[in-house]
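Novice: from the sequence below, what's the structure:
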Amino acid sequence: MTGRLLRCGVATAALALLAPVAGCSSQGPDDTVGAPTAVDVGALVHLPSAGDVDPSQPFTVTAEPGSRLTDVTLSSADGRTVAGRLAADQHSWQAAGGLRAGTRYTVKVTADDGKGGRGETSGTFGTLTPTDQITAQLGPDSSGSGIYGVGQPLTVQLSEAVKEPGARQEIEKSLKVVSEPAVSGAWYWVDDKNLHFRPQEYWPAGARIKLSYDRPGAKVSDGRYVGEPGSRSFRIGDRVEAVVDAAAHQLTYRRNGQVVTTIPVTTGKPGFSTRNGIKVVLGQESLVRMNGETIGIATGSKEAYDLEVHWATRVTWSGEYVHAAPWSVGSQGVENVSHGCTGMSTDNAKWFFDQTRVGDIVQVVNSLGAQMEPFGNGFGDWNIAWDSWVKHSALGQPVSTAGPLETSALTDGPSPEI
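Specialist: Residues are numbered from 1 along each chain as shown. Take a look at the predicted model:
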């Protein structure tokens, strides 16, 4: 591994004589009985030498036998303090987590020489800047209201491929999901650069969630380290589930388990049958132009179309929507005549649009179409059985999302009105 070496010097300084505790005494003001003597403890405390420090290794301060550490403060150049723990015998102190790569630190130590003397020493040092740092793009993104539906998976896109099982485990250890209420969830490696996280069941309505990539400097594999940290915080709205029964030509809309309404619809006709399975709302467009050429229909053929479509709620990247279809109102609730989308009247589509958000569930049943793809054409994550999902985690087991959550970092806002 090559890296920029950050040089440093270690400085020592004796403490000023500590003042004795005031009290009744027949002695004069020069009486210092019981007060520690100021001594130079630089030789008794082992700090990093001038040079580079590997951020992936534990950072430890130790004291010579017979002496003890009484206080250790480690902070980065930007003023952030690194938490740590003093051993029970006070002969060593270790940072609680890894140091950041390419960062300068100052460590201040107060020590006792075991002979009634006490002093302070300090030093500055730098950590290596690895040439190969793996960064992560976290999702969902921070645009919009910060409120998502119960089906929204967490996504991570790495800056480079990670293939080795051990390296993948280090990446998963660097990703932390905290939620209130806590759930059991797991990571799934979609490919060498992309991971998804979901609970065993849908997210609880109203849950607050924080995803963090925050183990900078941790070693992933030889020469590769965890890069800059990042986080995403958001909230889950109501549990909204829309079930489209292609055989009954009806959409049933539920909020928090209660049926709110049913809507007559039309889905894909033979040859263009709508995909079965659970889909997640990807986005919404009040007006979108739809052209048959985008799904392989030749211009001028009997199936060709080029339309401006209102109140379109997208569920696949390839162009499947729930949208207004005023041209097929006569068939809605009766037969399937679309090219794969779920069509409804303009008024019903506007209502559905207003009552739905990114991350909500749209499930299609009883269609003649194929099953929704797990990945690549949207979020088909919920179509994978939980046991199979967990097997695609590098750690091979679920994780709990229990932990402290900074509520101030979470976006809040109203749910749509019914």
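Novice: switch to C-alpha atoms for all contacts and neighbour counts from now on
Specialist: Noted.
Novice: show me the contacts for the residue lying closest to L74 once chain neighbours are set aside.
Specialist: Sequence neighbours aside, V107 is the residue nearest to L74 in space, at 4.4 Å (criterion: CA to CA, 6 or more residues apart in numbering). Taking CA atoms under 8 Å, 6 or more residues apart in numbering as the criterion, V107 is in contact with V72, T73, L74, S75, S122, G123, T124.
Novice: residues in contact with the helix or strand where the fourth one lies?
Specialist: Yep, that's S75 we're talking about. Using DSSP states H and E, S75 falls within strand 68-76. For strand 68-76, contacts defined as CA under 8 Å, 6+ apart pick out 62-63, 81-83, 86, 89-93, 103-114.
Novice: buried residues, that strand. List them.
Specialist: R68, L69, T70, V72, T73, L74, S75, S76 (16 or more other CA atoms under 10 Å).
Novice: ok, now stretch 126-135?
Specialist: For stretch 126-135, using 16+ other CA under 10 Å, the buried residues are G126, T127, L128, T129, P130, D132, Q133, I134, T135.
Novice: just stretch 315-329 next, same as before
Specialist: Buried residues in stretch 315-329 (16+ other CA under 10 Å): V315, T316, E320, Y321, V322, H323, A324, A325, P326, S328, V329.
Novice: also stretch 271-289?
Specialist: 272-284.
Novice: which of those residues lies closest to V265?
Specialist: T274 (12.2 Å; CA to CA).
Novice: any idea how far G66 is from that closest one?
Specialist: 77 Å (CA to CA, to the nearest Å).
Novice: middle-most residue in this protein, spatially?
Specialist: The centroid of the chain falls nearest to L211 when counting by CA atoms, centre = their mean (2.4 Å).
Novice: does it touch V178 like I think?
Specialist: Yes. At 6.6 Å, L211 counts as touching V178 under the criterion of CA atoms under 8 Å.
Novice: one step back: list only buried entries from the contacts of strand 68-76.
Specialist: Here, 16+ other CA under 10 Å leaves 62-63, 82, 86, 90-93, 103-113 buried among the contacts of strand 68-76.
Novice: nearest residue to P165 other than its sequence neighbours?
Specialist: A394 (6.2 Å).
Novice: show the contacting residues for the one you found.
Specialist: P165, G166, R168, Q169, E172, W187, Y188, W189.
Novice: identify the bridge partners of the nearest residue to the last one once chain neighbours are set aside.
Specialist: Think W189. Setting aside the residues directly before and after it, W189 is nearest to L195 in space (CA to CA, 6+ apart), at 4.6 Å. With DSSP bridges as the criterion, L195 is bridged to V156, W189.
Novice: and L195, what's its pLDDT?
Specialist: If you check L195, the pLDDT there is 98.
Novice: would you confirm that it contacts Q157?
Specialist: Yes. At 6.7 Å, L195 counts as touching Q157 under the criterion of CA under 8 Å.
Novice: which one of those two has more residues nearby?
Specialist: L195 (21 against 18; other CA atoms under 10 Å).
Novice: quickly find the element holding R254.
Specialist: Judged by DSSP H and E, R254 forms part of strand 250-255.
Novice: can I get that strand as PDB, trimmed to CA atoms?
Specialist: Written as PDB, here are the backbone C-alpha positions of strand 250-255 (Å, rounded to 0.1, in the frame of the first residue of the first chain):
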ATOM      1  CA  GLN A 250     -60.000  -4.100  -9.700                       C
ATOM      2  CA  LEU A 251     -57.600  -2.300  -7.500                       C
ATOM      3  CA  THR A 252     -58.000  -2.500  -3.700                       C
ATOM      4  CA  TYR A 253     -56.400   0.400  -1.800                       C
ATOM      5  CA  ARG A 254     -55.500  -0.300   1.900                       C
ATOM      6  CA  ARG A 255     -54.100   2.200   4.400                       C
END
